[in-house]
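Trainee: quick check, what structure comes out for this input:
(2 chains)
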Amino acid sequence: MSNVHIEQEAVEEITGGEYEREPVPKRAWKGPKAFWGMYAGEHAAGTEFMIGPLFLAAGASLKDLMFGLLLGNILAVLTWRYLVLPIAMNRRLTLYYQLEKIAGGNMVKIYNVTNGILFCFLAGAMITVSASAVGVPFDIRFEVPEATFGLGSGAFTVIVAIVGLVIAAVAAKGYNMVARFSNISAPWMILVFVACGVVSLAKMDVDSFGRLNTVWNEGVAFVQIANGEVEFGFWKIVIFAWLCNAAMHFGMADLSIFRFTKSKSAGWAPAVGMFLGHYMAWIAAALLLAALIATSPESTMNSAGKVQADPGFLAWSALGWTGIICVVIAGWTTANPTIYRAGLAFQSLFPRKAHRTTGVILAGIVATVAGAFPNLSDQLLNFVGTYGMILGPMGAIIFVNHYFAKRLGFYEDAAEATGSKFNMAVLLAWLIPAVPGLWLILSKGVFAAYLVIPAWIASAILYVILGKLMLANKTKA
Amino acid sequence: MKTLLTIAKPVSWISLLLIIVPPVLYFTGTLCSEMMNALLLAGTLIWFITASLWMKAE
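Mentor: Predicted coordinates for the structure are as follows:
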């Protein structure tokens, strides 16, 4: 899964954080190569170790996974290319500045804090992933308890606390060092994912696709006997692969990236991230679990007799110390900038005289507490969908603002045009679909990714209606 | 220092072969698991030492 924080970080690395409140000037535009390199590194991250095995644990067939991911990733790339890129190239603004122009500064604060809270949960899951690897040499296993807010073993919780606090302390120092380390580890990490896949195939004695399919199906059957029957069919995989990064494409977070592009061809750059990270890495990580079930099924089970995806142990079983190092680094390099970004969002809540690290430390503590609940990382498939469902609708508002506001007779960049600090139409168009969506996910167990597009469309329609009612441009009438 | 940086770049890229070749040899049955893990770890260490030198310089 890609993370907006890493993308923002990469942009700031290229630009030194310039042009945050102005369109990017022509002299700062970048060729497509910069975008291909950036997306290649960003989508093979800590989340991949967790998400891949969850497909098998959720009952996906191998064919559905291979073809579903293929189609879903193609749709994701098309969404970046044809939804985000044209607006980014036309306006050349960051998401935040664009939102401020439409929604007003105070409304953007609400969006930032919401984003920050979601970042904390994502960082928490990555802290759990790193802790799962740190625990392996001490024979301390990651265990997913029954209760959503149940803790793992005492020793595992201590590891989570140590890992979380170290990550938070490093984040408080700024993210430049971690960003550099991420860049160094990216090529190596992609190859470690390939190695995971190759070694898993060897451990399963795979010599044909038929044999692989048989071992995979046996693995799925083993999980279903232990955990109960679940289904993760072709279209569910397509929707998940398409929309797990919805906050970045449907939600327009990557406006901040593409505002630097010189040519439209950069819009295809997410393809390299999708097919390295969300295809190869997910399948390779899923094969880790299939191989462990085939070779040592009892080691995949927790004390309650349920199969679980323990990323640290899976990587250790396949690649030894290299696997452990990879999971720790993958989790750390994902969690660290996430906490930093969440901290920046929280900082806006504190008085100006508060120490600059207050927000980051608060974010680190929230993420560490979240990481202590292993169910959170175990629910990562649903969490990333929830993330997209909540943040995606803001992209619909930007879309309507860009293409329809003037034509339909209401203010484009309404907050800027009216001098408002809080555009109520934006808040209503965002929350009216997002709140019931959240209720459906949390109370009715609806798969979160299914709600991303309905919420996006509902927000777009609502912003058109509310725009005409509340933001009519009378000077033009 | 300049010589070290000149050497570090090719060495780092070559070290990545230690991440990909041993698993392939393990798949073909020509390498045991322990040897593969040792080579992977060696490749990892060489990559991080050498890549950090030239990437920092660039």
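
Trainee: how many neighbours does the closest residue to chain A within chain B have?
Mentor: As assessed by C-beta to the nearest C-beta, chain A sits closest to B:N37 within chain B, at 3.4 Å. (Glycine included, C-beta is placed from N, CA and C.) Neighbours of B:N37 under the rule other C-beta atoms under 10 Å in any protein chain shown: 21.

Trainee: tell me the SS of it?
Mentor: Judged by DSSP: H, G, I helix; E, B strand; the rest coil, the three-state class of B:N37 is helix.

Trainee: so what's it closest to, chain neighbours aside?
Mentor: Closest residue in space to B:N37, ignoring its immediate chain neighbours: A:G320 at 3.4 Å, by C-beta to C-beta, 6 or more residues apart in numbering or on different chains.

Trainee: surely that neighbour meets B:L41?
Mentor: Yes. Contact criterion C-beta atoms under 8 Å: A:G320 and B:L41 qualify, at 6.9 Å.

Trainee: sorry, back to before: tally of neighbours for the residue nearest to B:N37?
Mentor: 18.

Trainee: same question, A:T475
Mentor: 7.

Trainee: ok, it - contacts?
Mentor: Under the criterion of C-beta atoms under 8 Å, 6 or more residues apart in numbering or on different chains, A:T475 has no neighbours.

Trainee: from chain B, how far out is it?
Mentor: Distance of A:T475 to chain B, given as C-beta to the nearest C-beta, to the nearest Å: 53 Å.

Trainee: SS state for that residue?
Mentor: Per three-state DSSP, A:T475 ends up coil.

Trainee: pLDDT value on it, please?
Mentor: Note for A:T475: predicted pLDDT of 72.

Trainee: any idea of the mean pLDDT in stretch A:278-288?
Mentor: 96.

Trainee: and stretch A:256-266, by the same measure?
Mentor: Per-residue scores along stretch A:256-266 average to 92.

Trainee: which bits of chain B sit near chain A?
Mentor: B:16, B:19-20, B:22-24, B:26-27, B:33, B:36-37, B:40-41, B:43-44, B:47-48, B:51-52, B:55-56 (C-beta under 8 Å from any C-beta of the partner chain).

Trainee: among those, which are in helices?
Mentor: B:19-20, B:22-24, B:26-27, B:33, B:36-37, B:40-41, B:43-44, B:47-48, B:51-52, B:55-56 (DSSP state H).

Trainee: closest point of the stretch 201-350 of chain A to chain B, which residue?
Mentor: Counting by C-beta to the nearest C-beta, the stretch 201-350 of chain A gets nearest chain B through A:G320, at 3.4 Å.

Trainee: which residues touch the residue nearest the centre of chain B?
Mentor: For chain B, the residue sitting closest to the mean C-alpha position, by C-alpha atoms, centre = their mean, is B:S15 at 2.1 Å. By C-beta under 8 Å, 6+ apart, the residues touching B:S15 are B:42-43, B:46-47, B:50.

Trainee: number of nearby residues for the closest residue to it other than its chain neighbours?
Mentor: Among residues not flanking B:S15 along the chain, B:I46 sits closest, at 3.8 Å (C-beta to C-beta, 6+ apart). Per other C-beta under 10 Å, the neighbour tally for B:I46 reads 18.

Trainee: wait, B:I46 sits on B:W13?
Mentor: No. Using C-beta under 8 Å, B:I46 is not in contact with B:W13, being 10.4 Å away.

Trainee: one step back: what's the PyMOL line that selects buried ones from the contacts of B:S15?
Mentor: Here is the PyMOL command that selects the buried residues among the contacts of B:S15 (16 or more other C-beta atoms under 10 Å in any protein chain shown):
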select buried, chain B and resi 43+46+47+50
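
Trainee: could you dump the contacts of B:S15 to CSV with pLDDT?
Mentor: Listed next are the contacts of B:S15 as CSV, based on pLDDT from 0 to 100:
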residue, pLDDT
B:A42, 97
B:G43, 97
B:I46, 97
B:W47, 96
B:T50, 94
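
Trainee: give me the number of residues near the residue nearest to A:T386 when sequence neighbours are not counted?
Mentor: Residue nearest to A:T386 in three dimensions, not counting chain neighbours: A:A448, with 4.3 Å by C-beta to C-beta, 6+ apart. When neighbours are defined as other C-beta under 10 Å, A:A448 has 28 of them.

Trainee: before we move on, back to that, for A:R356, see how far away the residue nearest to B:S15 is.
Mentor: 38 Å (C-beta to C-beta, to the nearest Å).

Trainee: hmm, back to that, what subset of the residues of chain B next to chain A is buried?
Mentor: B:16, B:19, B:22-24, B:26-27, B:36-37, B:40-41, B:43-44, B:47-48, B:51-52.

Trainee: ok, B:L4 - contacts?
Mentor: Per C-beta under 8 Å, 6+ apart, neighbours of B:L4: B:L53.

Trainee: so where does it fall, helix or strand?
Mentor: helix B:2-15 (DSSP states H and E).

Trainee: by how many degrees do that helix and helix B:33-57 diverge?
Mentor: Interaxial angle, helix B:2-15 versus helix B:33-57 (axes from the mean of the first three to the mean of the last three C-alpha atoms, to 10 degrees): 140 degrees.

Trainee: could I have helix B:2-15 exported to CSV, CA atoms only?
Mentor: Presented in CSV, the C-alpha positions along helix B:2-15 are these (Å, rounded to 0.1, in the frame of the first residue of the first chain):
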residue,chain,number,x,y,z
LYS,B,2,36.8,9.5,-3.9
THR,B,3,38.2,6.1,-4.8
LEU,B,4,36.1,4.5,-2.1
LEU,B,5,33.0,6.2,-3.5
THR,B,6,33.8,5.1,-7.0
ILE,B,7,34.2,1.5,-5.8
ALA,B,8,31.1,1.6,-3.5
LYS,B,9,28.6,2.1,-6.3
PRO,B,10,29.4,-1.0,-8.4
VAL,B,11,30.0,-3.1,-5.3
SER,B,12,26.6,-2.2,-3.9
TRP,B,13,24.8,-3.1,-7.1
ILE,B,14,26.7,-6.4,-7.4
SER,B,15,25.8,-7.1,-3.7
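
Trainee: in the chain, which helix or strand is least confident?
Mentor: Just so you know, I chose chain A. The weakest-scoring helix or strand in chain A, judged by mean pLDDT, DSSP states H and E, is helix A:4-15 (a mean of 45).

Trainee: and after that one, which helix or strand comes next?
Mentor: Counting by DSSP H and E, what follows helix A:4-15 is helix A:32-42.

Trainee: just the CA atoms of the helix or strand just after that next one, as CSV, please.
Mentor: For helix A:32-42, the following helix or strand on the C-terminal side (DSSP H and E) is helix A:46-57. Taking C-alpha atoms only, helix A:46-57 is exported to CSV below (Å, rounded to 0.1, in the frame of the first residue of the first chain):
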residue,chain,number,x,y,z
GLY,A,46,5.8,-2.6,5.5
THR,A,47,2.1,-2.9,4.8
GLU,A,48,2.8,-5.4,2.0
PHE,A,49,4.1,-8.0,4.5
MET,A,50,0.8,-7.8,6.3
ILE,A,51,-1.6,-7.4,3.4
GLY,A,52,-0.3,-10.3,1.2
PRO,A,53,-0.8,-13.1,3.7
LEU,A,54,-4.2,-11.7,4.6
PHE,A,55,-5.5,-12.5,1.1
LEU,A,56,-4.8,-16.2,1.7
ALA,A,57,-6.1,-16.0,5.2
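
Trainee: so how far is helix A:46-57 off the chain centroid?
Mentor: 13 Å (C-alpha atoms, centre = their mean, to the nearest Å).

Trainee: over to stretch A:201-210?
Mentor: For stretch A:201-210, the distance to the chain centre is 31 Å (C-alpha atoms, centre = their mean).

Trainee: can you pull the contacts of A:L471?
Mentor: A:405, A:410-411, A:414, A:418, A:423, A:425.

Trainee: can you pick the most crowded of the residues you listed?
Mentor: Neighbour-wise, the contacts of A:L471 (other C-beta under 10 Å) top out at A:N423, 30 neighbours.

Trainee: shouldn't it be in contact with A:G105?
Mentor: No. A:N423 lies out of contact with A:G105 (C-beta under 8 Å); the separation is 10.3 Å.

Trainee: got any residues that touch both of the two?
Mentor: Joint contacts of A:N423 and A:G105 (C-beta under 8 Å, 6+ apart) are A:A415.
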